[in-house]
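Participant: Please work out how this folds:
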Amino acid sequence: MIGRPVTLDKPAERIASIPIPLASTIIAIDGSTKKLVGMNPLAKSAIEEGILGQIFPEAKDISSAIAGTDFIPNVEELASVNPDLVIQWGDIGDGAMAPLLNAGLKAMFVTYGTEEQGRQFMRITAKAMNKEERINPLIDWREKVQSDIQEKTDKIANDQKPRTLYLQRALTGLIAVGPGQSYMDFWIRLGGGVNAAKDITGAKPVSPEQVAQWDPEVIFLNSFEGNLTTDFIYNDPVLSMTKAAKEKRVYKMPLGGYRWDPPNQESPLTWMWVANLLQPGVFKFDLRAEMQKAYKSLYGYDLTASDIDEVLWVKMQGSSKNYAIFKAD
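Facilitator: Next up, the predicted model:
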């Protein structure tokens, strides 16, 4: 993805993934944890906190010491897990890339930001594993769901699309994500919203007063901060004055096989969830049924009703506006 060829003598059997989402994607592509020998600590926390650790409990024993949360590789730990292939971000500087090459490790660099890039890094990872027959149906699923949603949201007038804010961080200081090459902006627009953070590009720190000035009608909270709940908005003296808070349209992103915020193997479920919430008069996806089908296909796992409730944080936000559509019958 950065124009650098990578050649393997045989399909990769031992893969270390420094990018966070790709660890769970590798498990989904292979249908097991056997090929994943190392991952980012934040990827492991998602497994431990979410349902993937329940589906594949052995994933909790995979090394997460191969890199820091800043993506700087730990070359000694990587050598100890003896990977055939190390996957790393290719757009965050030499400090994250050069140590791998200097150590003679076989490295594949991927880039991030758009749905197209997400599909590409999934495809090339599957190719490295000789699992292209596995990835094609997953990409077809993405294409179909995106097209079905886009066809309807393209017909919605802009003044009928709610101002929508995604907060990438909240507890450690507000970070909003504006338009531009941003995956969160992609699914906001796809689902029938307009990005409230129109004054910024990418992820930037913002003040509560700035958020109040934007006055979003819908707020999505990240799933990366485990202790973050919707009460963060409702109990804040400034943020509680937004239209989103007053109308109870504050939602925490689900945590499934991976966090639903960035591109990953479950992203079509994210899009359906977002579309139902942003345009409830247009979309009525049976998300529970869609999740059951997807998890059977992705992980060979039969989701229970309580599993779905946990992924969607139904207990925490079940009383939020329009959230009843996600509750079990």
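Participant: Now do the same contact list for the spatially most central residue of the chain.
Facilitator: With distances taken as CA atoms, centre = their mean, residue 262 lies nearest the centre of the chain, 2.8 Å away. When contacts are counted by CB atoms under 8 Å, 6 or more residues apart in numbering, residue 262 touches 20, 21, 112, 183. All C-beta atoms are positioned from the backbone trio N, CA, C, and that covers glycine.
Participant: per-residue confidence for residue 18?
Facilitator: Looking at residue 18, its pLDDT stands at 96.
Participant: roughly how far apart are it and residue 312?
Facilitator: Separation of residue 18 from residue 312 (CB to CB, to the nearest Å) stands at 29 Å.
Participant: again, but for residue 298
Facilitator: Distance, residue 298 to residue 312, using CB to CB: 17 Å.
Participant: Between those two, tell me which one has more neighbours.
Facilitator: Using other CB atoms under 10 Å as the criterion, residue 298 and residue 312 rank with residue 312 on top: 26 against 23.
Participant: all helices of the stretch 1-150 of the chain, in order?
Facilitator: 20-30, 41-49, 52-55, 75-81, 94-102, 115-128, 132-153 (DSSP state H, counting those that start in this stretch).
Participant: mind giving me a markdown table with the ones you listed and columns for distance to residue 257 and mean neighbour count?
Facilitator: Output for these, formatted as a markdown table (distance: least, CB to CB, whole Å; neighbours: other CB atoms under 10 Å):
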| stretch | distance to residue 257 | mean neighbour count |
| --- | --- | --- |
| helix 20-30 | 5 | 26 |
| helix 41-49 | 9 | 20 |
| helix 52-55 | 5 | 18 |
| helix 75-81 | 22 | 16 |
| helix 94-102 | 25 | 15 |
| helix 115-128 | 13 | 19 |
| helix 132-153 | 12 | 15 |
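Participant: JSON lines for the ones you listed, including distance to residue 198?
Facilitator: JSON lines is the format used below for the helices of the stretch 1-150 of the chain (distance: least, CB to CB, whole Å):
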{"stretch": "helix 20-30", "distance to residue 198": "26"}
{"stretch": "helix 41-49", "distance to residue 198": "29"}
{"stretch": "helix 52-55", "distance to residue 198": "35"}
{"stretch": "helix 75-81", "distance to residue 198": "41"}
{"stretch": "helix 94-102", "distance to residue 198": "31"}
{"stretch": "helix 115-128", "distance to residue 198": "21"}
{"stretch": "helix 132-153", "distance to residue 198": "18"}
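Participant: Would you mind telling me which of these is nearest residue 207?
Facilitator: helix 41-49 (25.9 Å; CB to CB).
Participant: between the closest one and helix 20-30, how big is the angle?
Facilitator: 60 degrees (axes from the mean of the first three to the mean of the last three CA atoms, to 10 degrees).
Participant: Correct me if wrong: residue 50 contacts residue 312.
Facilitator: No: if you go by CB atoms under 8 Å, residue 50 and residue 312 don't touch, sitting 11.8 Å apart.
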